[in-house]
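>>> Sequence isn't available, so here's the structure alone:
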């Protein structure tokens with residue numbers, strides 16, 4: 001039997017969908033244990049309609065949080081296997097059948113089972129993980145990001161009790177912590193299914209939107225696992241990517257690093273270098289946005305349609321140019337200038353080998369003579385200009401100089 005644990009809090013408007021998705025499972029040997037975490041809406045009335053010998057309802061008299069509620073559910077479970085379903089998620093009808101059918105192959109292994117989840121936030125839809133990995137690959141990947149959704153996990157109840165259940169002090173990222181603990185502390189590996197085993201529609205009041213709780217949880221995970229199993233630079237680089245992707249406020253970012261720094265003082269210097277790098281990248285991003293705005297405004301009021309007409313026109317001394325940097329700004333500049341009476345002889349770029357119909361050269365190759373070279377990169381544009389001026393006989397300008 002599979003015991004399905006469903007914690008819920010104020011989800012009366014959506015919990016029926018989750019319950020019905022269990023009732024419709026093609027695999028029939030299950031029990032559903034709903035733990036109401038002191039809801040203040042009419043959750044009790046909704047669930048009462050479904051209570052039976054297979055659907056059990058427990059109610060907390062005070063709010064204990066989803067972690068403790070799940071642990072309460074497991075303590076009351078009778079099944080050999082445990083699965084988890086949040087009340088704002090739902091399953092395809094063959095979810096349990098797919099996993100149970102694969103268990104016999106791994107019956108003697110210490111493992112948990114998981115699959116793909118489809119996540120919708122009202123606008124965008126994505127599937128996680130994009131592909132199922134081998135056990136060793138998954139173990140390394142989990143140190144960088146959590147790709148296993150709790151609503152797809154199935155494991156033996158005995159293993160769950162052995163690892164100590166959910167951490168009841170962790171405000172968020174409970175599923176990530178559980179997976180890391182299984183893999184790194186108890187040597188329990190993940191066996192994945194290519195099938196989509198759950199659907200998650202993120203709610204406006206979801207705990208997943210609470211950044212304060214996110215900061216508390218991510219700090220714990222880094223001290224407990226990630227800093228221990230990744231080298232220090234990898235760990236910090238990963239931390240920066242996560243907190244900036246989540247748009248964590250600056251004050252919270254400082255708190256995270258101060259907290260981790262107390263545990264790992266040697267990280268403070270590396271953290272400072274990363275912060276310095278991020279500040280530089282932010283400044284470059286701001287400068288690019290300001291440049292694009294100024295460029296757009298000047299083009300609006302230009303009778304020729306482009307501000308570059310005053311440099312490249314019939315009778316101008318500038319007959320040939322080259323473009324250094326074929327990224328976003330380089331592409332816009334190229335499209336705007338290609339219709340003007342000037343020949344774009346070639347492009348210069350470290351990485352791109354193909355760009356439109358231009359010949360592309362590396363910066364260290366021989367650069368043919370042109371009248372002007374325009375540096376369209378924002379990053380280190382002055383240093384690039386100085387270097388080109390020493391090597392080339394033509395004039396070198398940055399895009400900023402031409403626009404401002």
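Okay, I see it. Model, not experiment: these values are computed from the prediction.
>>> What is the one helix or strand residue 261 maps to packed up against?
According to DSSP states H and E, residue 261 maps onto helix 250-263. Other elements packing on helix 250-263 under the criterion 3 or more CB pairs under 8 Å, 6 or more residues apart in numbering; DSSP states H and E are helix 211-221, helix 232-245, helix 267-300. (Glycine included, C-beta is placed from N, CA and C.)
>>> how about CSV for the ones you listed, with distance to residue 140 added?
Shown next, in CSV, are those (distance: least, CB to CB, whole Å):
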stretch, distance to residue 140
helix 211-221, 15
helix 232-245, 10
helix 267-300, 20
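>>> Kindly state which of these is positioned closest to residue 15.
With CB to CB as the measure, helix 211-221 is the member of these nearest residue 15 (22.2 Å).
>>> what angle sits between that closest one and helix 232-245?
Interaxial angle, helix 211-221 versus helix 232-245 (axes from the mean of the first three to the mean of the last three CA atoms, to 10 degrees): 170 degrees.
>>> relative to helix 250-263, how tilted is helix 211-221?
Relative orientation of helix 211-221 and helix 250-263, computed by the same axes, to 10 degrees: 20 degrees.
>>> Which of the residues in helix 211-221 are classified as buried?
By neighbour count on 16 or more other CB atoms under 10 Å, the buried set for helix 211-221 is 214-221.
>>> what's the answer for stretch 28-37, then?
Of the residues in stretch 28-37, 30-37 count as buried by neighbour count, 16+ other CB under 10 Å.
>>> coming back round to it: relative to the whole chain's centre, how far out is the helix holding residue 261?
Chain-centre distance of helix 250-263: 20 Å, with CA atoms, centre = their mean, to the nearest Å.
>>> Which positions in that helix come out as buried?
Neighbour-count burial for helix 250-263 flags 252-253, 255-257, 259-260 (criterion: 16+ other CB under 10 Å).
>>> Name the nearest of those relative to residue 108.
residue 260 (39.4 Å).
>>> Without its sequence neighbours, what residue ends up closest to that closest one?
In space, and not counting its chain neighbours, residue 260 is closest to residue 222: 5.6 Å by CB to CB, 6 or more residues apart in numbering.
>>> Tell me who's in contact with the one you found.
Taking CB atoms under 8 Å, 6 or more residues apart in numbering, we find residue 222 in contact with 235, 239, 256, 260.
>>> and the residues you listed as CSV, adding pLDDT and distance to residue 115?
What follows is those, written out as CSV (pLDDT from 0 to 100; distance: CB to CB, whole Å):
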residue, pLDDT, distance to residue 115
235, 79, 28
239, 77, 28
256, 72, 32
260, 71, 33
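>>> how about the helices in the stretch 301-404 of the chain?
328-337, 381-391, 399-403 (DSSP state H, counting those that start in this stretch).
>>> Nearest approach to residue 94 belongs to which of those?
helix 328-337 (45.4 Å).
>>> Okay, buried residues for the closest one please.
By 16+ other CB under 10 Å, the buried positions in helix 328-337 come out as 329-330, 333-334, 336-337.
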